[in-house]
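> model the following, please.
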Amino acid sequence: MNRTYVPGPRNLITDVTGLRVGNAQDAALKSGSTVLVGDAPFVASVHVMGGAPGTRETDMLAPDKTVTAVDALVLSGGSAFGLDACSGVTDGLRAIGRGFAIGNMMVPIVPGAIIFDLINGGDKDWHENPYRALGRNALNNAAEMFDIGSVGAGTGAMAAMQKGGLGSASMVLPDGTTVGALVAVNALGSVTTPGDRHFWAAPFEIGDEFGGLGPDPDSGLVRPQPSRKEKAMMLRSAEGANTTIAIVATDAPLTKTQCHRMAVSAHDGMARAIVPAHTPLDGDLVFGVSTGTGPPIDHHALRDIGAAAAVCLSRAICRAVYEATPAEGDIIPTYRQMI
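Numbers count the residues shown, from 1 in each chain. Just a heads-up that it's a prediction; the model follows:
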């Protein structure tokens with residue numbers, strides 16, 4: 001079958017020119033951090049649709065705020081503690097002379113978001129917050145090629161029915177524009193249909209990037225399954241420990257307002273891949289990023305880029321779950337352990 005839309009050469013967000021991703025994780029902690037950094041500052045905005053977000057410096061990404069470009073974005077485990085990963089990235093960027101110049105000072109701009117993975121079977125009895133170091137290590141590891149699955153911010157993530165993880169995907173549009181997505185999946189909702197075999201977002205799969213099993217042949221799949229994650233974590237007195245946090249990016253030259261609109265569109269991809277999504281107990285958000293330069297694109301081109309961002313995010317979510325790997329102390333199984 002001839003496909004007009006194809007993945008980039010890596011099928012990662014780093015197919016977008018000028019971006020690198022770094023991961024750092026601690027197996028005993030069952031948590032980690034992920035950083036997206038540009039070769040140069042990039043335009044960024046954000047759209048939040050979940051009812052329980054955890055963020056740092058996202059207010060300034062609103063289209064009406066003064067800051068027009070950022071140096072990096074951080075996705076991290078650790079709930080509120082994980083926001084300190086941004087501090088580690090800020091330290092590392094300052095050390096290499098990156099940041100917004102104010103007099104003789106350089107101030108790196110590093111917004112971030114977190115997932116709750118504090119009650120996932122890992123050892124959280126630390127004496128010093130580990131996330132600052134994880135953030136700096138993730139920055140040091142930043143490269144065009146990076147692992148997905150149970151790494152970085154996805155190390156200890158869980159969806160409703162199986163382990164979550166870190167996912168990424170890309171797509172090249174017919175005009176050569178590249179769009180990509182990066183996501184940490186720790187959702188209240190399920191990424192798979194009842195029976196745990198088929199992905200909700202199977203119609204958007206390219207090739208066999210998350211197993212190639214195709215859509216569920218059943219219909220009327222409305223009632224949610226009892227959540228394995230919720231059952232496992234309620235035994236540990238946890239409620240509302242959910243969030244899917246993502247970045248979508250393109251090499252097309254977008255304004256800050258257009259980045260915001262791309263992020264809004266990308267939330268459709270989250271809703272196609274996770275059922276239910278955007279609940280009061282999730283902190284679902286999407287950052288929108290552009291590395292392109294030149295005159296901004298028109299509304300017709302933005303429409304196509306937004307649609308591609310939604311598809312990339314759906315695929316990245318499924319890849320995160322598909323590539324998750326088992327580890328000692330897990331409280332729910334991986335997708336591949338179940339099929």
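
> please count neighbours and contacts with C-alpha atoms only from this point.
Will do.

> tell me which helix or strand comes right after the longest strand seen in the chain.
Assignment by DSSP state E gives strand 31-48 as the longest strand of the chain. Using DSSP states H and E, the helix or strand that directly follows strand 31-48 along the chain is strand 55-56.

> average pLDDT across the helix or strand that that following strand is followed by?
Per DSSP H and E, strand 55-56 leads on to strand 70-76 as the next helix or strand towards the C-terminus. Averaging pLDDT along strand 70-76 gives 98.

> pull up the pairing partners for strand 70-76, direction included.
Here strand 70-76 has these sheet partners by DSSP bridges: strand 31-48 (antiparallel), strand 112-114 (parallel).

> return the distance of the first one from the chain's centre.
Average the C-alpha atoms of strand 31-48, do the same for its chain, and the two points are 10 Å apart (Cα atoms, centre = their mean, to the nearest Å).

> hmm, back to that, quick one: closest of the strands paired with strand 70-76 to residue 290.
Closest to residue 290 of the strands paired with strand 70-76, according to Cα to Cα: strand 31-48, at 5.3 Å.

> list the buried residues in that closest one.
Using 16 or more other Cα atoms under 10 Å as the test for burial, strand 31-48 gives 31-38, 41-48.

> could you do stretch 177-195 as well?
Applying 16+ other Cα under 10 Å to stretch 177-195 flags 177-194 as buried.

> on that earlier part again, as TSV, the strands paired with strand 70-76 with distance to residue 129 and mean pLDDT would be great.
Shown next, in TSV, are those (distance: least, Cα to Cα, whole Å; pLDDT from 0 to 100):
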stretch	distance to residue 129	mean pLDDT
strand 31-48	12	97
strand 112-114	15	98
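
> closest to residue 9 out of these?
Nearest to residue 9, of these and by Cα to Cα, is strand 31-48 at 18.4 Å.

> and the pLDDT at residue 1?
39.

> please apply the same query to residue 215.
95.

> and the buried residues of strand 31-48, which is closest to residue 101?
residue 41 (12.2 Å).

> can you pull the contacts of that closest one?
Contacts for residue 41 (Cα atoms under 8 Å, 6 or more residues apart in numbering) come out as 69-72.

> and if you look at residue 202?
With the criterion set at Cα under 8 Å, 6+ apart, residue 202 makes contact with 212-215.

> give me the buried entries from those residues.
So, by 16+ other Cα under 10 Å, the buried ones in the contacts of residue 202 are 214-215.

> can you tell me which two in the buried residues of strand 31-48 are farthest apart?
31 and 43, at 28.4 Å, using Cα to Cα across the buried residues of strand 31-48.

> could you report the neighbour count for residue 131?
Residues contacting residue 131 under the criterion other Cα atoms under 10 Å number 26.

> number of residues surrounding residue 338?
11.

> cool, residue 56 as well?
Residues near residue 56, counting by other Cα under 10 Å: 17.

> any idea how far residue 179 is from it?
Distance, residue 56 to residue 179, by Cα to Cα, to the nearest Å: 25 Å.

> mind checking which helix or strand the closest residue to residue 129 other than its chain neighbours is in?
In space, not counting the residues next to it along the chain, residue 129 is nearest to residue 81; the distance is 6.8 Å by Cα to Cα, 6 or more residues apart in numbering. Assigned by DSSP H and E, residue 81 belongs to helix 79-82.

> now that helix - C-alpha only, PDB.
Presented in PDB, the C-alpha positions along helix 79-82 are these (Å, rounded to 0.1, in the frame of the first residue of the first chain):
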ATOM      1  CA  SER A  79       5.600  14.400  41.100                       C
ATOM      2  CA  ALA A  80       6.400  17.800  42.700                       C
ATOM      3  CA  PHE A  81       9.900  16.500  43.600                       C
ATOM      4  CA  GLY A  82      10.500  15.900  39.900                       C
END
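
> please, where are all the strands along the protein?
19-26, 31-48, 55-56, 70-76, 100-102, 105-107, 112-114, 165-172, 178-186, 243-250, 285-290.

> tell me where the model's unsure across the stretch 1-150 of the chain.
Along the stretch 1-150 of the chain, the parts satisfying pLDDT under 70 run over 1-4.

> what comes into contact with stretch 59-70?
With Cα under 8 Å, 6+ apart, stretch 59-70 has contacts from 41-46, 108-111, 256-257, 260.

> adding distance to residue 295, write the residues you listed out as JSON lines.
Compiled in JSON lines, these are given as follows (distance: Cα to Cα, whole Å):
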{"residue": "41", "distance to residue 295": "17"}
{"residue": "42", "distance to residue 295": "15"}
{"residue": "43", "distance to residue 295": "13"}
{"residue": "44", "distance to residue 295": "16"}
{"residue": "45", "distance to residue 295": "18"}
{"residue": "46", "distance to residue 295": "21"}
{"residue": "108", "distance to residue 295": "26"}
{"residue": "109", "distance to residue 295": "24"}
{"residue": "110", "distance to residue 295": "25"}
{"residue": "111", "distance to residue 295": "26"}
{"residue": "256", "distance to residue 295": "13"}
{"residue": "257", "distance to residue 295": "14"}
{"residue": "260", "distance to residue 295": "17"}
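
> thank you kindly, that will do.
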